[in-house]
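Chemist: the following comprises the amino acid sequence and a computationally predicted model.
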Amino acid sequence: MKVIEPISSHFYFGGCDTVQLAKKYGTPLYVMSEDYICERCKEIREDFLKKYENTKAVYASKAFLTMEMCRIIEREGIGIDVVSGGELYTALKAGFPMEKVIFHGNNKTLEEIEMAVKNNVGRIVVDNLYELELLNSVAQAFGKKMKILFRITPGVDSHTHKYISTGQVDSKFGIPLKGNIINEAIKKAIDSSNIELMGFHFHVGSQLFDNSSHIKAVKILVKLMNDMKESIGFITKELNTGGGFGIYYFEGDESKPLRYFTDAIMETIKEECHKYDLLMPTVIIEPGRWLVGEAGITLYTVGSIKEIPNVRTYVGIDGGMPDNPRPALYGAKYEVIVANKMNQEKNSLVTVAGKCCESGDILRYDLKVPKLEAGDILIFKSTGAYNYSMASNYNKIPRPAVVMVSNGIDRLIVKRETYEYLLRNEL
Ligand SMILES: *Cc1c(COP(=O)(O)O)cnc(C)c1O
């Protein structure tokens, strides 16, 4: 093997020179570190699965899903959450074990429900009574009994962006705990011949740095477990506490280790179950962003540089909102570095503009960088979650390739889209 001397002015990721990656694969380019993903999986095993018995972890695959990701997740001993037929199809094609799949969604279509039943998906998280009826009739038609959880809206406000807060009373997700709806739902599930109700699920929101929303929601859910035991005689076997654990994007983000959340969740469930004299349910967590967010970076090439005297300097890059809609969607902020100028002083101030025909397509305002010129490689950090998976073809821009790096070795896991590919469905 050829020993490569690291070039100190270049940024290395997963042991690979990112400037070389940009040359080899072109830009924009998503680069994912397998080593980082595996470290996070190890943390889940050590600090949650092994530490507490009767627990399960599933990766919320909407954060970043490819067949290779499914293979990594399976190898790491974790399950997968899907929220659509397309995500389920990806897991199926990757040969992911269906009993370790949890199917979410607030409006699953008949086709998606049929797909889930046909393929024996492990759990379906039922969002509403309409879905319960639909699922029961499909399961009946296939002669199967499907294990479900009910998604509950705990009525907890998590302190995060409105678009990623999901646990408040006014939410499109789940069954509210107002009135008698949940009692009726449970009775109906128990009476449904082709459904086995295992328990409840909640997901309070995303990118959280504080465990108080999880603690509040757990207390509400264990109380619900007790109420349903007393009123209907229903025994909860499983409690799925969702994901939402925050990661580092930008200064001010105080990301915490997983155990900060999971210890609090487990202690609260134990205490509350003890209080009501309930058996501990199986506890499930569903990290998405936390598992992959910091594992990914995006590489761009600098093109035009436009200085508007006394106003601002725009640096045009070859990507933008099609490969990363989060700045436009949530005002998300990323750390940015110049991959080929790591040891130069940062003495200019620029704004990084995407190439789309939208003034809102700005990926980063007021960035301090070394003097830039066309051909420089910019790196946006922490783009592993909700970038590739949220990417679009706006302005008919082909989606970037995805490269997986591990221990100094790079491998292409998703090819760059071509122009022909963009027209493949056009008649
Ligand atoms: C999105 C989602 C998650 C994961 O959220 P993260 O913030 O990425 O951890 C978990 N569970 C459900 C039901 C979700 O919709």
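Modeler: Good, I have the coordinates.
Chemist: Val405 reaches Thr18, doesn't it?
Modeler: No: assessed by Cβ atoms under 8 Å, Val405 is found out of contact with Thr18, at 9.0 Å. C-beta coordinates here come from the backbone N, C-alpha and C atoms, glycine included.
Chemist: shared neighbours, these two?
Modeler: Common neighbours of Val405 and Thr18 are listed as Val31 (criterion: Cβ atoms under 8 Å, 6 or more residues apart in numbering).
Chemist: from Arg326, how far out is the residue nearest to Val292 when sequence neighbours are not counted?
Modeler: Spatial nearest neighbour of Val292, chain neighbours left out: Gly384 (4.1 Å); criterion: Cβ to Cβ, 6 or more residues apart in numbering. Relative to Arg326, Gly384 is positioned 12 Å away (Cβ to Cβ, to the nearest Å).
Chemist: got it, and Lys415?
Modeler: In terms of Cβ to Cβ, Lys415 sits 24 Å off from Arg326.
Chemist: which one's more surrounded, those two?
Modeler: Comparing Lys415 with Arg326 by neighbour count (other Cβ atoms under 10 Å), the higher total belongs to Arg326, at 19 against 13.
Chemist: name the nearest residue to the more buried one, sequence neighbours excluded.
Modeler: Ala332 (3.8 Å).
Chemist: separation between that neighbour and the ligand?
Modeler: Ala332 is 13 Å from the ligand, where distance means Cβ to the nearest ligand atom, to the nearest Å.
Chemist: residues near that residue, how many?
Modeler: Other residues close to Ala332 by other Cβ under 10 Å number 20.
Chemist: my guess is it contacts Pro325. True?
Modeler: No: the pair Ala332 / Pro325 is not scored as a contact, 9.0 Å apart, by Cβ under 8 Å.
Chemist: what's the overlap in contacts for the two?
Modeler: What both Ala332 and Pro325 touch, as defined by Cβ under 8 Å, 6+ apart, is an empty set.
Chemist: get me the contact residues on the stretch 151-300 of the chain for the ligand.
Modeler: Taking Cβ under 6 Å from any ligand atom as the contact definition, the stretch 151-300 of the chain meets the ligand at 203, 206, 242-245, 286-290.
Chemist: can you select the buried ones among those residues for me in PyMOL?
Modeler: Restricted to buried positions by 16 or more other Cβ atoms under 10 Å, the PyMOL selection for these reads:
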select buried, resi 203+206+242+243+244+245+286+287+288+289+290
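Chemist: next step: the residues of the stretch 151-300 of the chain next to the ligand restricted to helices.
Modeler: Judged by DSSP state H, helices contain the following of those: 289-290.
Chemist: take the residues of the stretch 151-300 of the chain next to the ligand and lay them out in JSON lines including pLDDT and distance to Tyr59.
Modeler: Supplementary listing: those in JSON lines, determined by pLDDT from 0 to 100; distance: Cβ to Cβ, whole Å:
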{"residue": "His203", "pLDDT": "96", "distance to Tyr59": "14"}
{"residue": "Ser206", "pLDDT": "94", "distance to Tyr59": "14"}
{"residue": "Gly242", "pLDDT": "98", "distance to Tyr59": "13"}
{"residue": "Gly243", "pLDDT": "97", "distance to Tyr59": "9"}
{"residue": "Gly244", "pLDDT": "97", "distance to Tyr59": "14"}
{"residue": "Phe245", "pLDDT": "98", "distance to Tyr59": "12"}
{"residue": "Glu286", "pLDDT": "98", "distance to Tyr59": "8"}
{"residue": "Pro287", "pLDDT": "98", "distance to Tyr59": "7"}
{"residue": "Gly288", "pLDDT": "98", "distance to Tyr59": "7"}
{"residue": "Arg289", "pLDDT": "98", "distance to Tyr59": "11"}
{"residue": "Trp290", "pLDDT": "98", "distance to Tyr59": "10"}
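Chemist: Serialize the residues of the stretch 151-300 of the chain next to the ligand to JSON lines and add fields for distance to Asn226.
Modeler: Putting those into JSON lines (distance: Cβ to Cβ, whole Å) gives the following:
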{"residue": "His203", "distance to Asn226": "21"}
{"residue": "Ser206", "distance to Asn226": "28"}
{"residue": "Gly242", "distance to Asn226": "20"}
{"residue": "Gly243", "distance to Asn226": "25"}
{"residue": "Gly244", "distance to Asn226": "24"}
{"residue": "Phe245", "distance to Asn226": "27"}
{"residue": "Glu286", "distance to Asn226": "24"}
{"residue": "Pro287", "distance to Asn226": "27"}
{"residue": "Gly288", "distance to Asn226": "30"}
{"residue": "Arg289", "distance to Asn226": "32"}
{"residue": "Trp290", "distance to Asn226": "30"}
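Chemist: residue contacts, the closest residue to the ligand within the stretch 251-400 of the chain?
Modeler: The nearest approach of the stretch 251-400 of the chain to the ligand comes at Gly288, 2.7 Å away (Cβ to the nearest ligand atom). Contacts here follow Cβ under 8 Å, 6+ apart; on that basis Gly288 touches 59-63, 81, 206, 243, 385.
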